[in-house]
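Visitor: here you go, sequence then predicted model.
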Amino acid sequence: MEYKTPGEVDDLKKDLLKIWNDKLRQAYRKGCSAESMCEQFFTLEPQQLKQAKTVDMRWSANPSEVQICMGAKVARQLSDWAVQGRQHLHNEYCEYSILRKRDQKGKMRPKRVQVTTELREYWLFLAMYEPQLLYQATTDVLGFEPDWVALYGMDEPWNLSVKQRKLAFCRQLAGHGNSREMIAEGVEMYPEGELNLHHALFMTHPINTLEDLFYLVKFGAKPYARSTTHGLEPATSEQIFRYCGSEHLGCRHADPTAVSMHSNVFYGKQVSFANPVGIYILSFADNVFYYKDRLIPKAWIRWKRGQEGMYQHLEFGPGDDEDIFLDDISINSGTTQQTLTGGYQLLQQLEVGPLVMIGDIDPIKPKDYIVLETSDAPIRCHEAKICESIQRLKMKYDEAHPLVRVAPRTMGFVD
């Protein structure tokens, strides 16, 4: 099986496509190496599935934990806080950057939001092996041509070795990505260049990675069961998270969605990624955005980097030639109306996820079921340790913005 590039965005030469596929299989093997049942129920060969069909695996793109911990108003405030919010909170495999411009009175206001679901690993792959395609991808997203220094920190990257280009690109745009190799080379978590900080080229949050995507699907691709008076039935997500010692993951959008895949495996199904592997923007409720009591113009919604149904970029908002800003737009869901101020509210209307397929396998043997006895009581997400980290982030925000304060709701209350 040969996977295409994410979103089918690039037509790679055969040797380069092989390198990308090797990276996919390496991530798959790493994710399955310690799992005795992994390959039995999770395969990287979708063509081998019997009676295969596409499964709806999508989740809300907005950060969940911050809203659970501190309420919707603080969630919007912190999530929209430039690189700090992005690096700490945007962990649902979707990141964004807010582009700000001055209005006619000289006031800085939010103009557009750039949203990305592109994998850091794919952009790093382009940076290492195909600088010209990297340049074109950057131009496609930005709408203007960058210089080579903005991408690599130097001119003429084609004169560097593959390893040198990797180091230069990580240092300039990608950060170390928790890579031991890059950390040893002195690469910081935040890149030195500002291009992917002021814009959203690709994802850089530590868990929005290819390996984590494989882990996410693998996590739910097991026949978890619970004993009932009617015999074995699929386990609840609460039981699974507690069994795996990852109770906090049940407080996100992505992980509970992935865990729900186990109900397919329970009934004798096998899971695989569809071709191509990637995270895509799968739905957008654009019919809730209004300008002067009318639906916004379609021209304010710009899809990029992917075939239809596999878009990986969205740029939302008025053009630079229009004296209109994000906060001139209202969100009308039918029951409530609010002013659009940034990316968090936009992501509440987006669903993202990979393309996943399931197919039949031989009936599962009784010995293969993982019978759980853990509690199925609701997870008390507002008591998760992540809330302490988010509270510290709120304190830093207040220190940086002494005139703008939003009191968090009582812990445990979700707006």
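Guide: Happy to help now that I have it. Residues are numbered from 1 along each chain as shown.
Visitor: please count neighbours and contacts with C-alpha atoms only from this point.
Guide: Noted.
Visitor: shaky segments in this protein?
Guide: Low-confidence segments of the chain (pLDDT under 70): 31-38, 403-415.
Visitor: tell me the contacts of the spatially most distant residue from the centre of it?
Guide: Note on the chain: the largest C-alpha distance from the chain mean falls to Thr229, namely 39.8 Å (C-alpha atoms, centre = their mean). By C-alpha atoms under 8 Å, 6 or more residues apart in numbering, no residues touch Thr229.
Visitor: measure it to Gly143 for me?
Guide: In this view, Thr229 and Gly143 are 61 Å apart by C-alpha to C-alpha, to the nearest Å.
Visitor: quick check: which element contains the residue lying closest to Leu216 once chain neighbours are set aside?
Guide: Using C-alpha to C-alpha, 6 or more residues apart in numbering and skipping the chain neighbours, the partner closest in space to Leu216 is Ala258 (6.1 Å). For Ala258, the element it lies in under DSSP states H and E is helix 254-259.
Visitor: quick one: name whatever helix or strand follows that helix.
Guide: Next along from helix 254-259, by DSSP H and E: helix 262-266.
Visitor: against which helices or strands is that following helix packed?
Guide: Counting contacts by 3 or more C-alpha pairs under 8 Å, 6 or more residues apart in numbering; DSSP states H and E, helix 262-266 packs against strand 224-228, strand 231-234.
Visitor: which of those strands sits most buried?
Guide: Highest mean neighbour count among these (mean count of other C-alpha atoms under 10 Å): strand 224-228, with a mean of 17.
Visitor: picking that back up, so what's the residue nearest to Leu216 up against?
Guide: Neighbouring residues of Ala258 by C-alpha under 8 Å, 6+ apart: 57, 216-217, 219-220.
Visitor: what do you get for Ala168?
Guide: Ala168 makes contact with 152-153 under the criterion C-alpha under 8 Å, 6+ apart.
Visitor: is it true that Gln51 touches Ile361?
Guide: No. Between Gln51 and Ile361 there is no contact under C-alpha atoms under 8 Å: 9.4 Å.
Visitor: out of the two, which sits in the busier spot?
Guide: Neighbours per residue (other C-alpha atoms under 10 Å) separate Gln51 from Ile361, with Ile361 holding more: 18 against 10.
Visitor: could you verify my assumption that the more buried one touches Val271?
Guide: No. The criterion here is C-alpha under 8 Å, and Ile361 misses it with Val271 at 9.9 Å.
Visitor: give me the residue at the spatial middle of the chain.
Guide: Nearest to the chain centroid, counting by C-alpha atoms, centre = their mean: Tyr93, 0.9 Å.
Visitor: going along the chain, name the strands of the stretch 301-415 of the chain.
Guide: 301-304, 313-316, 330-332, 337-339, 350-353, 356-360, 370-371 (DSSP state E, counting those that start in this stretch).
Visitor: nearest to Cys387, out of the ones you listed?
Guide: strand 350-353 (24.0 Å; C-alpha to C-alpha).
Visitor: list of residues touching the closest one?
Guide: So strand 350-353 is contacted by 57-62, 93-94, 279-285 (C-alpha under 8 Å, 6+ apart).
Visitor: please narrow these to those residing in strands.
Guide: Residues of the contacts of strand 350-353 located in strands (DSSP state E): 59-60, 280-284.
Visitor: tabulate those (a markdown table), appending distance to Tyr135 and neighbour count.
Guide: Formatted as a markdown table, these follow (distance: C-alpha to C-alpha, whole Å; neighbours: other C-alpha atoms under 10 Å):
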| residue | distance to Tyr135 | neighbour count |
| --- | --- | --- |
| Trp59 | 31 | 23 |
| Ser60 | 31 | 24 |
| Tyr280 | 22 | 26 |
| Ile281 | 23 | 27 |
| Leu282 | 26 | 21 |
| Ser283 | 28 | 16 |
| Phe284 | 28 | 16 |
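Visitor: specify which member of these is nearest to Asn332.
Guide: Nearest to Asn332 among those is Phe284, at 14.3 Å by C-alpha to C-alpha.
Visitor: I figured that closest one hits Gln348, correct?
Guide: No. Between Phe284 and Gln348 there is no contact, the gap being 9.1 Å when judged by C-alpha under 8 Å.
Visitor: in CSV, list the C-alpha atoms belonging to stretch 262-278.
Guide: The C-alpha atoms that make up stretch 262-278 are tabulated as CSV, following Å, rounded to 0.1, in the frame of the first residue of the first chain:
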residue,chain,number,x,y,z
HIS,A,262,-13.6,0.2,20.3
SER,A,263,-17.3,-0.6,19.8
ASN,A,264,-16.6,-1.5,16.2
VAL,A,265,-13.7,-3.7,17.2
PHE,A,266,-15.9,-5.4,19.9
TYR,A,267,-18.1,-6.7,17.1
GLY,A,268,-15.3,-8.0,14.9
LYS,A,269,-14.1,-5.1,12.9
GLN,A,270,-10.6,-4.0,12.0
VAL,A,271,-9.5,-0.4,11.8
SER,A,272,-7.2,1.4,9.4
PHE,A,273,-6.5,4.9,8.1
ALA,A,274,-8.0,5.7,4.8
ASN,A,275,-5.6,7.0,2.1
PRO,A,276,-4.2,9.6,2.6
VAL,A,277,-3.2,9.8,6.3
GLY,A,278,-3.7,13.3,7.8
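Visitor: which parts of that stretch are buried?
Guide: Neighbour counts over stretch 262-278 (16 or more other C-alpha atoms under 10 Å) mark 262-266, 268-278 as buried.
Visitor: what of stretch 351-363?
Guide: For stretch 351-363, burial by neighbour count (16+ other C-alpha under 10 Å) applies to 351-361.
Visitor: run the chain-centre distance for that stretch.
Guide: In terms of C-alpha atoms, centre = their mean, to the nearest Å, the centre of stretch 351-363 is found 19 Å from the chain centre.
Visitor: and if you look at stretch 326-333?
Guide: Mean-position distance between stretch 326-333 and its chain equals 24 Å (C-alpha atoms, centre = their mean).
Visitor: same thing with stretch 102-120?
Guide: 19 Å.
Visitor: likewise stretch 65-79?
Guide: On C-alpha atoms, centre = their mean, the centre of stretch 65-79 falls 18 Å from the chain's centre.
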